[in-house]
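> model this:
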Amino acid sequence: MATVKRFEDLRCWQEARVLTRKVYVYSQKGKLGKDWDAKSQFRRAALSVMNNIAEGFGRFSDREIKRFLEFSSSSANELCSMLYLFEDIGYLPFEDILELRALAEKTRSSILAFIRYLGKGKK
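Numbering: from 1, shown residues only. The predicted model follows:
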């Protein structure tokens, strides 16, 4: 892997940015757009995915970076959990839910790949 000097160059952060943008757009739609609490929590979970990657990148040890990446991965899981509720109560069109779920999984996979990469440096 080439040396990365900025968090913006990380694939997992780039994917999280796309995910967060979609969450913001879709959370303005329909019933979800009118439920302030659910919309706020949904957006905060997405922001946490993106921002914890950036914050972790600014840390000084791989252990600290991994800790923030784990927070980010957990937030992606939270987002997916919320999508099941939104599906169950009809808060978003099913197509939007499928798209967001796929983006969240893709982002989470990239985060986990970066964690594995960092773990290889310890051997």
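
> For stretch 61-70, what is the distance to the chain centroid?
Relative to the chain's own centre, stretch 61-70 is displaced by 15 Å; criterion: C-alpha atoms, centre = their mean, to the nearest Å.

> for that stretch, which positions count as buried?
Residues Asp62, Ile65, Lys66, Phe68, Leu69 are the ones in stretch 61-70 that count as buried (16 or more other C-beta atoms under 10 Å). C-beta coordinates here come from the backbone N, C-alpha and C atoms, glycine included.

> List the residue ranges of the protein that fall below the pLDDT cut-off.
Applying pLDDT under 70 to the chain flags residues 1-2, 121-123.

> how near is the residue nearest the centre of it to Glu8?
Compute the mean C-alpha point of the chain, and by C-alpha atoms, centre = their mean the closest residue is Val49, 3.3 Å away. According to C-beta to C-beta, to the nearest Å, Val49 and Glu8 sit 15 Å apart.

> Tell me who's in contact with Thr20.
With contact taken as C-beta atoms under 8 Å, 6 or more residues apart in numbering, Thr20 is in contact with Ala46, Leu47, Val49, Met50.

> Which members of those residues are classed as buried?
The neighbour-count test (16+ other C-beta under 10 Å) marks Ala46, Val49, Met50 as buried among those.

> which one of these sits closest to Ala76?
Of all those, Ala76 sits closest to Val49, with 5.1 Å by C-beta to C-beta.
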